[in-house]
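1. just need the structure, nothing else, for what follows:
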Amino acid sequence: MMDFSLNTAELVWPFTIALAWLIGEFGYRWTRLPRISIYGLVGFCMVNLSFNWLPHGSSDTLLLLANIAFGLVLFEFGYRINLHWLRINPWIGLTGLLEAGGTFAAVYYVTQWFGTSMMVSLLLAALAMATSPAGVLRVINEQRSLGQVTERALHLTAINCVLAVFAFKVISAFWVFQTSGNLWQALNASFVILLESVVLGAVFGILLPLILRRLGNLAQDGTVAFAIAVILLVALAHAANLSSILAALTFGLMARRRRVALSRTQRNFGALGNLLTVLLFVYVASTLQWQRVMDGAILGLLLVAVRLVVKVTATTLLAPFSGISLRKGVLTGFALAPLSVFVVLTLEQTSYFDANLSQQLAALTAMTLLLDIIGPLVTKLALILARETPQEA
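-> This is a model prediction of the structure:
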């Protein structure tokens, strides 16, 4: 006779992913909210409002799967970055430096004014610089957006993410040196990791195109090959404690530089990418605890406003120099709203900060929740107002 006894712990995540996908599809049709916002809301509710259905915290397996999902997004993101465009229009790069640097300074001074410790202020400032590539790219793909605001949002996101990773690692080195007094350990925790991550991604970006050309059928074999390569790359980075963010982004940049043509069917990596996207945004929201959100709500809301004002101001001031109107400069700044995925996965991969320091980042938890749900919606509205989505063109 069939045994109907169930290990409910093994069913929690499959059931949650199925539920999030179902609610996301119906929610998108009824409300037109971005699917990823709904996935995040489901993940947060399941962990905080349903009698501990999902456990707080994460397992290594879930963290690896989330990083693989993010890696697929980052590869596609990196592939869409045109370095030649940045060379012929340096104002875009300058805009990225201004909005990222301005965000760092503004967030640092606001948190210091609130009496936050210097280390926490530095960490908040570094992470607030970034825009989530996953949030921006998924909205762009979902809306089939194309135009000046879209392309600038992609390139500025790449610039401020690289700057945020660099700043975060520098601050990490300072923290390690301050606590251990070991200079080599501090350098290894930052600059060596950055260099090794970029080299790893570059090696994949050089070798895989050579293999595909040897196979002789890029269009047919590319999707599976690149997906497998990203999975292997992220797994190696995860095992070696490297930055999978920089590695995957570099992989995408190198693949483009090697002139490997990606077909339309590869956008989002098809069903695999869509499935892992559900897991990614549910997972990210499930790491956020309601109590910490409430503890950091006031400062978090203020930092969200300050961050957005700085980004919009920077993109607007330099808009005429970079070749777009002031209106599109404003909309570009608003398109940079998403933050959550980058922040959570960056912190989850960090083992050298003590628990006490992590507990002080309550404002970051509040920022992450708000921008996990509202950020993609702001990006979508910016693209629609820019008339770069087919239904609004």
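2. shouldn't Phe77 be in contact with Ala158?
-> Yes: between Phe77 and Ala158 there is a contact under C-beta atoms under 8 Å: 6.7 Å. Any C-beta I mention is one placed from the backbone N, CA and C, and that applies to glycine too.
3. list residues touching both of the two?
-> Common contacts of Phe77 and Ala158 (C-beta atoms under 8 Å, 6 or more residues apart in numbering): 133, 249.
4. can you name the next helix or strand after whatever helix or strand Ala202 lives in?
-> Following DSSP states H and E, one finds Ala202 within helix 191-215. Following helix 191-215 in sequence order, the next helix or strand is helix 218-239 (DSSP H and E).
5. okay, that following helix in CSV with CA atoms only?
-> Output of helix 218-239 as CSV, limited to C-alpha atoms (Å, rounded to 0.1, in the frame of the first residue of the first chain):
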residue,chain,number,x,y,z
LEU,A,218,26.7,28.7,-32.5
ALA,A,219,23.0,29.4,-33.0
GLN,A,220,21.9,25.9,-32.1
ASP,A,221,24.4,25.1,-29.3
GLY,A,222,24.8,28.6,-27.8
THR,A,223,21.9,28.6,-25.4
VAL,A,224,22.7,25.3,-23.6
ALA,A,225,26.5,25.9,-23.8
PHE,A,226,26.4,29.4,-22.2
ALA,A,227,23.9,28.2,-19.5
ILE,A,228,26.1,25.3,-18.6
ALA,A,229,29.2,27.6,-18.6
VAL,A,230,27.5,30.1,-16.3
ILE,A,231,26.4,27.4,-13.9
LEU,A,232,30.0,26.0,-13.8
LEU,A,233,31.5,29.5,-13.5
VAL,A,234,29.2,30.5,-10.6
ALA,A,235,29.8,27.2,-8.8
LEU,A,236,33.6,27.7,-9.1
ALA,A,237,33.3,31.2,-7.8
HIS,A,238,31.1,30.1,-5.0
ALA,A,239,33.5,27.3,-4.0
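6. which neighbouring elements make contact with the very next helix or strand once past that helix?
-> Sequence order places helix 244-257 as the next helix or strand after helix 218-239, per DSSP H and E. Applying 3 or more C-beta pairs under 8 Å, 6 or more residues apart in numbering; DSSP states H and E, we find helix 244-257 packed against helix 60-79, helix 148-180, helix 191-215, helix 218-239, helix 340-348.
7. mean confidence for helix 244-257?
-> For helix 244-257, mean pLDDT rounds to 87.
8. tell me the buried residues in that helix?
-> Under the neighbour-count criterion of 16 or more other C-beta atoms under 10 Å, helix 244-257 has 244-256 buried.
9. also stretch 200-220?
-> 200-202, 204-205, 208-209, 212.
10. so which helix or strand of this structure has the lowest pLDDT on average?
-> helix 355-359 (a mean of 57; mean pLDDT, DSSP states H and E).
11. quick one: the helix or strand just after that helix to helix 148-180, angle?
-> The C-terminal neighbour of helix 355-359 among helices and strands, as given by DSSP H and E, is helix 362-385. For helix 362-385 against helix 148-180, the angle by axes from the mean of the first three to the mean of the last three C-alpha atoms, to 10 degrees is 170 degrees.
12. which parts of helix 362-385 are buried?
-> Under 16+ other C-beta under 10 Å, the buried positions of helix 362-385 are 362-380, 382-385.
13. possible to save the buried residues of helix 244-257 as TSV with distance to Gln148?
-> Formatted as TSV, those follow (distance: C-beta to C-beta, whole Å):
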residue	distance to Gln148
Ser244	31
Ile245	26
Leu246	27
Ala247	30
Ala248	26
Leu249	22
Thr250	26
Phe251	27
Gly252	22
Leu253	21
Met254	26
Ala255	24
Arg256	20
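14. which one of those is nearest to Ile298?
-> Ile245 (29.8 Å; C-beta to C-beta).
15. follow-up on the earlier one: for the helix holding Ala202, packing partners?
-> Helix 191-215 packs on helix 148-180, helix 218-239, helix 244-257, going by 3+ C-beta pairs under 8 Å, 6+ apart.
16. tell me the mean pLDDT for that helix?
-> For helix 191-215, the per-residue pLDDT averages 85.
17. distance from that helix to the middle of the chain?
-> Remark: helix 191-215 is offset 21 Å from the chain centroid, using C-alpha atoms, centre = their mean, to the nearest Å.
18. the inter-axis angle of that helix versus helix 244-257?
-> Using the same axes, to 10 degrees: helix 191-215 against helix 244-257 is 40 degrees.
19. and the helices and strands packed on helix 244-257, which is most packed in?
-> helix 340-348 (a mean of 24; mean count of other C-beta atoms under 10 Å).
20. who's in contact with that one?
-> Outside helix 340-348, the residues that touch it by C-beta under 8 Å, 6+ apart are 40, 58, 63, 66-67, 70, 127, 130-135, 161, 164-165, 168, 244-245, 280-281, 284-285, 287-288, 353, 358, 361, 364, 367-369, 371-372, 375.
21. what's the angle from it to helix 244-257?
-> Using the same axes, to 10 degrees: helix 340-348 against helix 244-257 is 120 degrees.
22. what about helix 340-348, distance to the chain center?
-> The answer for helix 340-348 is 7 Å, by C-alpha atoms, centre = their mean.
23. report the contact partners of Arg152.
-> 92, 95, 315, 322, 324, 328, 332, 335.
24. the fifth one in helix, strand or coil?
-> Reducing the assignment to helix, strand or coil with DSSP: H, G, I helix; E, B strand; the rest coil, the entry for Ile324 is coil.
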